[in-house]
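[1] What would the 3D arrangement of this be:
(one chain, ligands or ions: 1)
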Amino acid sequence: MDREKVLKIAEAIVNSKKTIVLTGAGISTESGIPDFRSPGGIWTRFDPALMDADILHQNPSYFYSKALPMLEFFKDINNARPSPAHLILADMEREGLISSVITQNIDSLHTKAGSKKVYEVHGNLKEAHCMSCGKKTDFNCLVEKVKAGNIPPECDSCGGILRPSVILFGDRLPECFASAVEEVKSCELLFIIGSSLEVAPVNSLPYLARSYIILNRARTSYDKGAYVVLNEKAGDGLKEIYSEVKNVVN
Ligand code: NAD
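    Prediction:
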């Protein structure tokens, strides 16, 4: 590991009055959840077209006739446990080193790890809702309906069509995205972990930050604008950074 970069990141965190963390699928690969774009990632298992909101809206029967393997995979994600990286971020928030976490992940692992201020800007897999009346239901209930051949799955209240409460391509982001934008505008440092930064509009956030740091296994097209880039695994990198932060503080 590059000790100089680790020290530079640790000092930047200690000196920053407000640090926000932005995470992507890469922080959860160490919890056993594949990311999108790495070899063996989700793109190689499911047709990306199935993550398209237009298909769900225009042809829900077709969407659900194809979606069961993906929905069951989503259901499994709900059983994942936080990785050391998620736990370190929760500790860092408790100690006042970071203010909040903005995540593109739908796995709820930051809240499971104990992080309190989390913006789940792509939603999560706990719930489904009716596209007509908005009534919420348990995500597993949607999966069971599809499994039982109820295609498209219907709302028990109004007979409308149910959908998972996660953001698909083409969906509008939830209201919490506006708050996440304000968080980034008001921070001194954005610490990006495990994201290819290829998904819009989240990949506009680094441009709003005064300064940003990247911890990611692979290179990204945002590297050149970063204050520091550390190409390491999230868990390994965060462990070193956190221990260096403690050295700097003491
Ligand atoms: P991505 O797949 O585009 O990029 C992940 C990045 O993380 C890659 O650059 C990869 O090199 C890196 N990476 C993989 N394992 C790593 C590790 N152990 N440590 C450090 N870096 C690692 O994912 P993205 O940028 O988050 O964007 C894709 C979209 O995928 C998001 O919208 C998200 O909602 C969705 N997604 C979520 C999950 C989840 O909830 N866990 C999983 C897959 C995809």
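[2] From now on I want contacts and neighbour counts done on CA atoms only, so please keep to that.
    OK.
[3] low pLDDT regions in the protein?
    42-43 (pLDDT under 70).
[4] At the geometric centre of it, which residue sits there?
    Asn105 (2.0 Å; CA atoms, centre = their mean).
[5] what's the lengthiest helix in the chain in contact with?
    The single longest helix within the chain, with elements called by DSSP state H, is helix 60-77. Residues outside helix 60-77 that contact it (CA atoms under 8 Å, 6 or more residues apart in numbering): 33, 46, 50, 55-56, 107, 125, 139-140, 143, 146-147, 151-152, 161.
[6] repeat that with 6 Å
    56, 151-152 (CA atoms under 6 Å, 6 or more residues apart in numbering).
[7] can you list the domains in this protein?
    1-33+83-122+173-250, 35-79+126-166 (automatic domain parsing).
[8] Tell me which strands the lengthiest strand in the chain pairs with, and in which orientation.
    Criterion DSSP state E: the longest strand present in the chain is strand 123-130. Strand pairing for strand 123-130, determined by DSSP bridges: strand 136-138 (antiparallel), strand 162-166 (antiparallel).
[9] got the angle for that strand vs helix 60-77?
    Angle of strand 123-130 versus helix 60-77, following axes from the mean of the first three to the mean of the last three CA atoms, to 10 degrees, is 140 degrees.
[10] can you list the residues that contact strand 123-130?
    Contacts for strand 123-130 (CA under 6 Å, 6+ apart): 106, 135-139, 155, 161-166.
[11] which two of those residues lie the greatest distance from each other?
    Ile106 and Cys155 (22.5 Å; CA to CA).
[12] can you give me the strands for the chain?
    Using DSSP E, strands in the chain cover 19-23, 100-103, 118-120, 123-130, 136-138, 162-166, 189-193, 212-215, 228-230.
[13] okay, the ones you listed in CSV with mean neighbour count next?
    Formatted as CSV, those follow (neighbours: other CA atoms under 10 Å):
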stretch, mean neighbour count
strand 19-23, 26
strand 100-103, 26
strand 118-120, 22
strand 123-130, 21
strand 136-138, 16
strand 162-166, 24
strand 189-193, 26
strand 212-215, 26
strand 228-230, 21
